[in-house]
Every structure is written in C-alpha cells, then in structure tokens.
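# Using only what follows, build the 3D model:
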Amino acid sequence: MNALLVDDDYFVITALEKRMDWKALSIDNIYTAYNVAQAREILLQHPVQILICDIEMPQGSGLELLAWIREERYSVQAIFLTNYADFNYAQKAIELQSFDYFLKPIEFDKLTLIIQKAVSKAKEQQNNEKAIREGYFWHKNRTHMLEDFWRRLILGKAFPSSSIAIASFLTEHNLPYQITDQFLPVLVNLFPYDGSLVKEDKNLFDYALLNVMYELFQDSLISIETITEFKDYNWMVILKWNGSPESRLIEQICGSFIQQANKFLKCDACCNIAVSRTLEHIRKTIKDLLQMNEELIKHRNQTFLLEQYHQSEAVYTPPNLNLLEQLLNDNGYTAFLEETGKYLHNLIQGQVLNTSVLSLLRLDIVQLVYAHLKSKEIQAHKLYTGRSGDQLLMQSLNSIEDMQKYIKYLVNTAADYRNFAEQPKSVAQKITHYIHTHCGDDLSRTSLAEIVFLNPDYLARLFKKEMGISLGHYIIQTRIATAKHLLETSNQSVDVIASKVGYSNYSHFSKLFKQDTGCSPNEYRKNRKAEFTRLS
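Residues are numbered from 1 along each chain as shown. A predicted model of the protein is given here:
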C-alpha cells in the first residue's frame, strides 16, 4: 500500500516522513509533493491508497486535488491537514468523500490512529474491488466456457457417453449442470428480405436478432444456455428446463419469434424444435436435429417438430417434363411458372419434403431451360454465370420459396434474353458499339459471342445478315478508321497507334492499312498533313 504526502511546507513533509512508523501502518512506499501539480503527476504514475494533504497551498488547494481525484475515479482515502478550523473547508471535504479532517499542529499519536483507520478502509475497498473483478471475470469466463461446451456438442466433438463419465466431466470442468437436467435444442433458420439490415451490416443485424431472441425465449420454466450461429443464417438455441418440459410453450415462443422476425428483422424464419433430453442423450438429439435441418425442405414461417419428422427415402416423381418443354418452346413462360408452382405445392401437401427430391427437380428444370436456350443459339452456361445467379442457386434448396425464386429467375432470364436474341438489329447494335469502344482489345468471334451469350457461328451469321458485312471485315474497318483518326490528329508513332487499335504486329497492320487506303500509314499521315497545309 502506498501513501502520498502533499504540503507546501518542507518541514511538515520531513516531520511526517521521519516521525510516523509507516511500516507498522502497512505502508510500503511514501511519495512526497509540494504542490497540486506534482501530486497529480505522482498519482498518474503510481497507485496511491492514502493521501495526507494540506488544504491551503499557493499553487492550488488540497480540495481541488481531491475533486480531480474523484473525477478520475481513483480509490484514495484522503486525510486533510490545515491550520484553519473553517466549517466551509470541513463541509467541502465531506462532500468530496475525504476520510478525515485534521487540524495542525500535528499530534502524531492521533494522526497514527486516523491513518490506521484509513488503511483499514482502503484494504476493505481493495478487497471489494477484487471480489467484483473476480466475479466479473468468473462470470465472463463461465459464459465462454458454456458457449464452448455447447458449440463442441453442436459441432459433434467428443463427449462422454455414460452418465458416470458425464458427471465426472461436469465436475472436472466446473459446469453448473446436474446429470438429471433436461435441455431442449431449437434450430432457427433465417431468410432475410432484400431490404433487410443483414444485407448492409451483419454485425448490427446479429445484435438485433440476439436481443429479440433473449427477450422472447424468457420464461420461469426455461433459461437460455447459449445462442450460437453455427452456419450462415442457422442459429442454435439451447434451453434448459427449470421444471417439467412444456413443448407447447416453446411452440408458442417460436410462433412469436417468427412474427417479430417478419416485422422487425425484415426476414422470414423457420423454427425446428428438438426433443427435451438429459446430457446423456443430448448429443444424439442435436445430431438428429441437424440432420433434419439438412434434409427437410423448409416452408418459411413455420415450426417443425423433430418428434414428428420421420426420415424416409423420398421417391422423386418428376413433373410433366414434356408439357414444360412445350410451354418453353411456345413462349409460355408464365404458364411454365404456374405449372412448377403447382408441382411444388403438391410436394408440400404430400409431405414429400426431402431435399434430394428438390435437388432432382432443380436438375430437371435447369436441363429444360438450358436445352431451350441452346435451341435458340443462346449459351446458357454463360448467361447464368454471375453473383446473382450463383447465390440463388446456392439458396435454392433452403426452402420451397427459395426454389420458386430460383426457377423464376431461370425462366424470366431465358424469356428476356430470347426476346433480345430474336431481334438481330439489337444484337448487331450491341456488338458494333462494343467493337467501336474496345477496338484495341481481342475481338475474336468467340469473345464477342460471349458478350451477347450467343453461339459464335450463329452470331457471325446474324451479324452478316443484319450489317451486310462479315464480322471480321467490320472489325478491320473499324480499327483502320480509328488508326486514320489517330494518324491525323496525334503525333503518336505508327507502332503505338497499331497497338492501340489491336495490332501487335506492325507488318500485319501496315499490310491491312495499305489494302484499305492504297498507301502505308506513314504515307497516309504525310499526305494528310500536306493536304491540310495546302487548304490552310
């Protein structure tokens, strides 16, 4: 424990240092200061528990020093020394929570007793603060310990199987559970809307989500042991029963949560409720719940019970593929979506909700759409490559709604692009614009076909029919026209200009240029300059 002596009188400081038995008072270090500024420096650099300070000093009063100490929240017991028995001083000292107020001249026996009491109070305060800190860190550590314990179970890590081994495990890891405690896992799937906060700030969305969960999953019968996101938009809530399990209570809470998720979190939700089990059987229950989550086709904003889920080998009966193919060929895209929507609705009604069925349906639909586009000379694998399509594809097995959204994206994109591809003028305009703005790039037939997602041979035929010139010759004409403009308006070398219009081989460029103009690039530039001089 440390003490700080502050007084502008050198002799007072010296007397206090020499005449007090500091070791007997449990004071290890004595610091001294002769004004408030020096005292502040010491307090900033060293821990001080006992302050013995004069009130009246030329460069600032002891009361000002104590006010600063209280503002900085230092735990210091302050004893004031003064020559004046002024009530205002005493009143101010009390307001600032000083320990005592002692009049000079100093009576060292009395001062010793006052310091003993101050030391005792300082020790008590230190013990209280230590207990608070230890309690805080214990609670924080306990929270982390429980989170790690349940995360290991969720991820399928090793866990004792017998009740004796589990009891030993709980004792060894100081976990606050009994072997007879019953737990209920609840798995929550989230389906954010396009305008949901999660699209802009995932951390803020998670904070709001946890607030909603901790508020709703509250009841005298249950306590929340952990809430953790084990996969994107998949959260596991572990509940502990404080009484007999009441499954209806959890269903009601899940129903309320889904409503709150729709309203405040701007997302759909699906809750999967497991079966209440003791720790001896909880690992298998979590495993069964996770398996159901992978296999079950979720219907949004509904609650599913593990005890009602019966794993079975679902048989895939495809929709009328011939009808769907005919609808595509007849431009019946709306009817196609209606037909697939009916099929999905029948899957729900018939409880054929295994993801393997949905996966096989997706494969059939994709093949139908791709074959349809191929028949129109459209490269479907290029058309559907991109972030939006890839994301919808990944999410398509999450729920019936996600599959409907993916099929709608496939069909609407096919319809839009078929309309575009069947308008040669539009295709030709897009290609010519690209050639003019990228004449220095690689402009092969294949690379240009990728821009409009068409078969290269089909694009070449379409372009020649619409423009009256082959694609290759149009590219050459555009490049030579650009080269002419640069030769006329700039001082760049012919090599640089050749490179800018897409020719790395100067001889090849010069040959093509001469075929078009009847002279070399240098002769063309010389002739144009001479003509300009003559006209001016």
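
# show me where the stretch 51-200 of the chain has helices.
For the stretch 51-200 of the chain, the helices defined by DSSP state H, counting those that start in this stretch occupy 62-71, 87-95, 108-154, 163-172.

# next one: the stretch 401-536 of the chain
Going by DSSP H, counting those that start in this stretch, the stretch 401-536 of the chain shows helices at 424-437, 445-451, 456-467, 471-489, 494-500, 506-517, 521-535.

# Could you export those as CSV, including distance to Q302?
Every C-beta, even on glycine, is put in place using the N, C-alpha and C of the backbone. Below are these laid out as CSV (distance: least, Cβ to Cβ, whole Å):
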stretch, distance to Q302
helix 424-437, 45
helix 445-451, 43
helix 456-467, 47
helix 471-489, 55
helix 494-500, 62
helix 506-517, 67
helix 521-535, 72
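
# For I250, find the nearest of these.
Nearest to I250, of all those, is helix 445-451, at 53.3 Å by Cβ to Cβ.

# Now tell me what touches that closest one from outside.
379, 382, 430-431, 434-435, 441, 455-456, 458-460, 471-472 (Cβ atoms under 8 Å, 6 or more residues apart in numbering).

# Report the rounded mean pLDDT for stretch 303-310.
The average of the pLDDT scores along stretch 303-310 is 86.

# If you count neighbours, what's buried in that stretch?
T303, F304, L306, Y309 (16 or more other Cβ atoms under 10 Å).

# Tell me which of those residues fall in strands.
Using DSSP state E, the members of these that fall in strands are T303, F304.

# before we move on, back to that, which stretch among the helices of the stretch 51-200 of the chain comes nearest E295?
Closest approach to E295 among the helices of the stretch 51-200 of the chain (Cβ to Cβ): helix 108-154, 17.4 Å.

# So which elements touch the closest one?
Helix 108-154 sits against strand 50-54, strand 77-82, strand 100-103, strand 222-231, strand 234-241, helix 279-295, with contacts defined as 3 or more Cβ pairs under 8 Å, 6 or more residues apart in numbering; DSSP states H and E.

# Can you tell me which of those is most buried?
Burial of those is given as mean neighbour count (mean count of other Cβ atoms under 10 Å); strand 50-54 ranks first at a mean of 25.

# Mind listing the strands that one pairs with, and their directions?
In the sheet, strand 50-54 lines up against strand 2-6 (parallel), strand 77-82 (parallel) (DSSP bridges).

# and L323, what does it touch?
By Cβ under 8 Å, 6+ apart, the neighbours of L323 are E339.

# ok, so what distance separates it from E338?
Computed with Cβ to Cβ, to the nearest Å, the distance linking L323 and E338 is 11 Å.

# Please apply the same query to Q182.
48 Å.

# Between these two, which has more neighbouring residues?
Higher neighbour count among Q182 and E338: Q182, with 19 against 12, using other Cβ atoms under 10 Å.

# check contacts around the more buried one.
Counted by Cβ under 8 Å, 6+ apart, Q182 has contacts K240, W241, P245, S276, R277, T278.

# ditto for A460
Listed by Cβ under 8 Å, 6+ apart, the contact set of A460 reads R445, S470, L471.

# Repeat that for D219.
Going by Cβ under 8 Å, 6+ apart, D219 touches L249, I253.

# can you list the domain ranges for the chain.
According to automatic domain parsing, the chain is divided into the following domains: 2-127, 163-308, 321-421, 425-442+461-535.

# so which of those domains gets nearest M145?
Of all the domains of the chain, domain 163-308 comes closest under Cβ to Cβ, at 7.0 Å.

# roughly how far is the closest one from the heart of the chain?
Chain-centre distance of domain 163-308: 20 Å, with Cα atoms, centre = their mean, to the nearest Å.

# do the same with stretch 105-113
Relative to the centre of its chain, stretch 105-113 is centred 64 Å away, using Cα atoms, centre = their mean.

# Can you name the residues in contact with that stretch?
Under the contact criterion Cβ under 8 Å, 6+ apart, stretch 105-113 has outside partners V12, A15, L16, R19, M20, D21, L25, I79, L81, F102.

# Measure how buried the fifth one is and give me the count.
The reference is to M20. 20.

# so how far is L323 from it?
Remark: distance between M20 and L323 (Cβ to Cβ) = 103 Å.

# Quick check, central residue of the chain?
Most central in the chain under Cα atoms, centre = their mean is K202, positioned 3.8 Å from the mean C-alpha point.

# Check it and give its pLDDT.
86.

# Would you mind stating the distance between the closest residue to N2 other than its chain neighbours and M1?
Of all residues not flanking N2 in the chain, N29 sits nearest, at 4.4 Å (Cβ to Cβ, 6 or more residues apart in numbering). The gap separating N29 from M1 is 8 Å, by Cβ to Cβ.

# the more surrounded of those two?
The neighbour comparison of N29 against M1 (other Cβ under 10 Å) goes to M1, with 16 against 12.
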